[in-house]
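Enquirer: Here's a sequence, model it:
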Amino acid sequence: MKLAEQLRSYCVRGERCPPDLVRRLVERAASDSPQMAAAATEELFRDLVEPLSDAFEPRYCDAYAELFCGIVALVYPEVSAASLLERYGRIRRPRPIPRRGVNRIVVLSRVTLGADVAITSVMLDAAKRAFPEAQIIFAGSAKARELFAMDGRIGHLPLEYGRRATLCDRLSIWPELQPALSQPGTVVIDPDSRLTQLGVLPVCPEENYYFFESRACGGQGSLSLSELASDWCRETFGVECARPWIAPLPEECCPEPPFVAISLGVGENQGKRLADPFEEMLVRSVLDCGAFVVIDKGAPGEEMERVERLVDRLPAFEDRLFAWEGSFAAFASIIGRASMYLGYDSSGQHVAAACGVPRAVVFHGFAGERTLQRWKPVGAGTVTVVRGDRLTPGRVLEEMIEATREARATERHFR
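Expert: The predicted model follows:
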């Protein structure tokens with residue numbers, strides 16, 4: 001069993017991780033050998049950190065905090081793991097933001113685009129409404145900032161976090177964050193961001209830091225992350241009904257409505273896909289219903305090649321099947337103009353929810369029941385969640401097409 005898997009088993013059982021195992025894994029992840037560091041870092045996050053987070057089990061938050069405070073202290077020996085853990089125990093408690101003395105609010109990115117729509121945008125909405133005179137800053141990648149490009153109130157603090165970087169590279173953003181977030185009058189909103197390693201890294205004076213512990217929030221309930229973020233904003237900002245939103249630049253190379261937008265992206269998690277030929281059958285069936293379809297080619301590499309092969313197999317529909325290539329923000333603009341959205345559990349579903357576009361999404365390969373409940377795309381517009389874990393691919397296809405037919409009858413979005 002790998003070191004990360006051994007450590008995860010201790011966390012799941014509620015036992016303290018053996019320090020020698022933690023040290024061995026960290027030494028490998030912080031190795032001078034780029035190959036060793038990359039492999040060990042991937043093991044650390046893929047097999048330990050992400051499974052604990054994806055379970056949305058409140059007790060795992062305690063295990064993660066103790067574990068990662070120790071990891072930070074091993075990389076930065078001048079830092080006390082005990083002090084970091086004590087701080088985490090304080091900042092995880094929600095409290096209201098004072099109305100006076102705040103002139104700058106920095107909302108940290110969640111790093112992944114779907115989470116920035118489903119969660120981070122909710123907090124940006126609340127910040128704008130609660131502090132109409134304050135400067136609102138989104139801290140994250142340029143790619144994510146494009147989702148809010150049309151809103152003149154949202155400034156940008158450029159930060160790049162390498163999801164494939166080594167442990168030391170991921171932690172190196174910490175010294176960069178501290179001076180940028182410690183200016184007088186600044187409040188920092190952390191939506192459980194990987195930029196702070198889920199709240200572990202102190203990036204500003206504690207009294208100016210507000211942390212949404214999304215992995216524990218909601219307990220055993222079935223509310224989505226967007227709904228939980230809205231509840232947190234009511235308690236923290238005093239704002240009712242904060243909601244997800246986007247404001248990307250309009251995409252000019254977009255067909256005129258009505259059309260169906262489809263994304264087959266899975267965020268590099270192949271476990272979310274259904275086996276071939278499901279995707280081709282889905283697109284073909286939607287086209288057979290008479291729809292004009294805009295399908296996103298997605299990121300270069302496996303996803304784009306997969307979509308291109310699919311399109312090549314459907315030459316009879318070339319007049320109604322448009323394969324689109326470009327940035328995610330541009331495709332988000334296209335989704336916002338669509339009459340329906342179809343796809344897997346990925347970023348596009350949250351864009352559709354934020355825009356009130358009817359959507360049917362396939363959930364497959366997720367960690368557990370609470371994972372589905374937290375990531376379901378709630379919002380205006382009808383939503384159909386089809387569970388690939390319980391149904392055969394054929395039955396999944398039937399439910400997706402039935403949702404398409406119902407949309408056809410109610411939305412009249414087919415030519």
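Enquirer: residue contacts, the residue most central in space within the chain?
Expert: Nearest residue to the geometric centre of the chain (Cα atoms, centre = their mean): Ala115, 2.5 Å. Ala115 makes contacts with 191, 225, 350, as judged by Cβ atoms under 8 Å, 6 or more residues apart in numbering. In this view, the C-beta of every residue, glycine as well, is placed from N, C-alpha and C.
Enquirer: Including pLDDT, could those residues go into JSON lines?
Expert: JSON lines is the format used below for those (pLDDT from 0 to 100):
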{"residue": "Pro191", "pLDDT": "98"}
{"residue": "Leu225", "pLDDT": "98"}
{"residue": "His350", "pLDDT": "98"}
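Enquirer: Neighbour-wise, give me the winner out of the residues you listed.
Expert: His350 (32 neighbours; other Cβ atoms under 10 Å).
Enquirer: list the contacts for it?
Expert: His350 neighbours (Cβ under 8 Å, 6+ apart): 114-115, 117-118, 226, 244, 377.
Enquirer: my guess is it is in a strand, correct?
Expert: No: looking at His350 with DSSP: H, G, I helix; E, B strand; the rest coil, it is helix, so not inside a strand.
Enquirer: where do the helices sit along the stretch 201-350 of the chain?
Expert: In the stretch 201-350 of the chain, the helices defined using DSSP state H, counting those that start in this stretch lie at 225-237, 278-288, 302-312, 328-337, 347-355.
Enquirer: what's the angle from the last one to helix 225-237?
Expert: Compare the direction of helix 347-355 with that of helix 225-237 by axes from the mean of the first three to the mean of the last three Cα atoms, to 10 degrees and you get 60 degrees.
Enquirer: SS state for Ile97?
Expert: Classified using three-state DSSP, Ile97 is coil.
Enquirer: these two touch, right, it and Glu207?
Expert: No: between Ile97 and Glu207 there is no contact under Cβ atoms under 8 Å: 10.5 Å.
Enquirer: Surely Tyr10 forms part of a strand?
Expert: No: the assignment for Tyr10 by three-state DSSP gives helix, which leaves it out of any strand.
Enquirer: Leaving out the residues flanking it, which one is nearest to it?
Expert: Spatial nearest neighbour of Tyr10, excluding adjacent residues (Cβ to Cβ, 6 or more residues apart in numbering): Cys17 at 4.8 Å.
Enquirer: So the one you found sits against Ala4, correct?
Expert: No: the pair Cys17 / Ala4 is not scored as a contact, 10.5 Å apart, by Cβ under 8 Å.
Enquirer: Which residue ranges make up each domain of the chain?
Expert: Split into domains by automatic domain parsing, the chain comes to 3-89, 104-237, 260-411.
Enquirer: Show me how far the first one is from its chain's centre.
Expert: Just to be clear, that refers to domain 3-89. 21 Å (Cα atoms, centre = their mean, to the nearest Å).
Enquirer: Next: stretch 116-125.
Expert: Relative to the mean C-alpha coordinate of its chain, stretch 116-125 is positioned 10 Å out (Cα atoms, centre = their mean).
Enquirer: okay, that stretch in PDB with CA atoms only?
Expert: The C-alpha trace of stretch 116-125 is given here as PDB (Å, rounded to 0.1, in the frame of the first residue of the first chain):
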ATOM      1  CA  ASP A 116     -15.400  29.400  -8.800                       C
ATOM      2  CA  VAL A 117     -18.800  29.600 -10.400                       C
ATOM      3  CA  ALA A 118     -20.700  27.500  -7.800                       C
ATOM      4  CA  ILE A 119     -19.100  28.900  -4.700                       C
ATOM      5  CA  THR A 120     -16.700  31.900  -5.200                       C
ATOM      6  CA  SER A 121     -19.100  33.800  -7.300                       C
ATOM      7  CA  VAL A 122     -21.700  33.600  -4.500                       C
ATOM      8  CA  MET A 123     -19.200  35.400  -2.200                       C
ATOM      9  CA  LEU A 124     -18.400  38.000  -4.800                       C
ATOM     10  CA  ASP A 125     -22.100  38.700  -5.100                       C
END
